[in-house]
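J.: Fold the following for me, if possible:
(one chain, ligands or ions: 1)
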Amino acid sequence: MTLTDVIGVLEAAYPPARAESWDAVGLVTGDPDQEVRRVLLAVDPVAAVAEEALEWGADLIVVHHPLYLRGTTSVAATTPKGRLIHTLIRRGVALYTAHTNADVANPGVSDALARAVGLTGDLVPLRPFPDDPWRGLGRIGEPAEPTTLGEFAARAAEGLPRTAWGIRVAGDPSRPVRRVAVSGGAGDSLLGAAAEAAVDVFLTADLRHHPASEFVESGGPALIDAAHWATEWPWLDSAASILHASGVTVETRVSATVTDAWTRGYRS
Ligand SMILES: [Zn+2]
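T.: Okay, here's the model as predicted:
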């Protein structure tokens with residue numbers, strides 16, 4: 001398989017044209033004609049992931065987060081990002097990003113998150129595209145049986161990969177939960193959509209004190225704040241399955257390296 005073959009499959013599943021205008025998706029390093037046998041999938045393009053890729057002999061790393069989101073005038077190995085670029089090019093490893101185009105895809109990042117935290121049945125976007133009701137940001141779904149916020153949170157924590165702080169909950173643990181919204185990554189821009197959708201709980205990452213406090217005070221859905229990395233990690237399996245289902249003959253591996261920014265939690 002060539003890099004072009006693999007990218008063709010990824011771009012059919014995650015069309016770059018659907019990425020947000022501020023985003024930077026697609027090929028970062030690599031020659032379209034190079035051969036690809038092993039594909040490592042990871043959330044973050046960081047040194048630990050590059051090391052894992054080199055150790056395993058990956059030819060391509062597919063990541064969710066862009067390495068460079070804004071313009072740069074240098075890739076010198078004097079910064080962590082420049083060093084990463086040097087390592088990858090020197091060792092012939094391609095790097096490819098599917099970010100907001102993977103968020104809005106069907107199946108996309110939030111579908112995988114929804115399944116990981118135990119939602120079943122049909123999932124619909126929390127903020128659908130005006131021209132496509134089955135694609136868009138976030139997902140709404142239901143747990144297999146009506147439950148409580150406390151039970152749902154415990155189930156969600158179990159379904160997500162382990163991180164330093166786990167998950168945080170805002171709301172009465174006995175509150176009934178029948179309808180749930182989720183959004184992988186930083187989802188505070190979807191708080192309004194979650195309130196309008198009249199879900200019982202909204203699970204996302206990177207929520208801040210004031211918006212979260214005001215949201216719960218105003219009688220909105222309960223909130224669950226998980227680690228950013230953990231909410232996007234379940235998507236990696238889904239992307240690997242898409243590669244396999246397409247018939248491209250590559251070996252895939254989902255990185256188990258925890259690259260969440262927060263590495264320790266302490267309680268007073
Ligand atoms: Zn993210």
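J.: For stretch 7-24, buried residues please.
T.: Within stretch 7-24, the residues scored as buried using 16 or more other C-beta atoms under 10 Å are I7, V9, L10, E11, A13, Y14, P16, R18, A19, D23, A24. Any C-beta I mention is one placed from the backbone N, CA and C, and that applies to glycine too.
J.: Give me the subset of those residues lying in helices.
T.: I7, V9, L10, E11, A13 (DSSP state H).
J.: How about the contacts made by the second one?
T.: By C-beta atoms under 8 Å, 6 or more residues apart in numbering, the residues touching V9 are I242, L243, S246, V248.
J.: what do you get for the first one?
T.: Under the criterion of C-beta under 8 Å, 6+ apart, the contact partners of I7 comprise L27, P32, Y96.
J.: PyMOL command for the buried members of these?
T.: To isolate the buried ones among these in PyMOL, judged by 16+ other C-beta under 10 Å, type:
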select buried, resi 27+96
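J.: okay, H244: pLDDT?
T.: On pLDDT, H244 comes in at 96.
J.: Make sure it is actually in contact with T252.
T.: Yes. Look at H244 against T252 with C-beta atoms under 8 Å: they come within range, at 6.9 Å.
J.: Which of those two has more residues huddled nearby?
T.: T252 (20 against 13; other C-beta atoms under 10 Å).
J.: So which of the contacts of V9 wins on neighbours?
T.: L243 (21 neighbours).
J.: and that residue, helix, strand or coil?
T.: For L243, the assignment made with DSSP: H, G, I helix; E, B strand; the rest coil gives helix.
J.: Next, the contact list for it, please.
T.: Counted by C-beta under 8 Å, 6+ apart, L243 has contacts V6, V9, L10, V39, V250, T252.
J.: Roughly how far does the first one sit from A58?
T.: To tie it back to what came earlier, the one meant is V6. 12 Å (C-beta to C-beta, to the nearest Å).
J.: hey, what's in contact with both of the two?
T.: V39.
J.: Settle it for me: which of these two has more neighbours?
T.: Applying other C-beta under 10 Å to V6 and A58 shows that A58 carries more neighbours, namely 27 against 23.
J.: Give me the nearest residue to that one, chain neighbours excluded.
T.: L40 (4.0 Å; C-beta to C-beta, 6 or more residues apart in numbering).
J.: Neighbouring strands - and their directions - for the helix or strand where that neighbour lies?
T.: Assigned by DSSP states H and E, L40 falls within strand 38-42. Looking at strand 38-42 with DSSP bridges, its partner strands are strand 60-63 (parallel), strand 251-254 (parallel).
J.: Show residues contacting the first one.
T.: Same thing as strand 60-63. 3, 6, 10, 30, 36, 38-45, 49-50, 53, 88, 93-98, 239, 250.
J.: how far does that strand sit from the chain's center?
T.: 14 Å (C-alpha atoms, centre = their mean, to the nearest Å).
J.: same thing with the last one?
T.: For strand 251-254, the distance from its own C-alpha centre to the chain's C-alpha centre is 17 Å (C-alpha atoms, centre = their mean).
J.: Only alpha carbons, please: show that strand as CSV.
T.: Taking Å, rounded to 0.1, in the frame of the first residue of the first chain, the C-alpha atoms of strand 251-254 are listed here in CSV:
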residue,chain,number,x,y,z
GLU,A,251,-1.3,-3.4,10.2
THR,A,252,-2.8,-1.0,12.7
ARG,A,253,-2.0,-0.3,16.3
VAL,A,254,-3.9,2.1,18.7
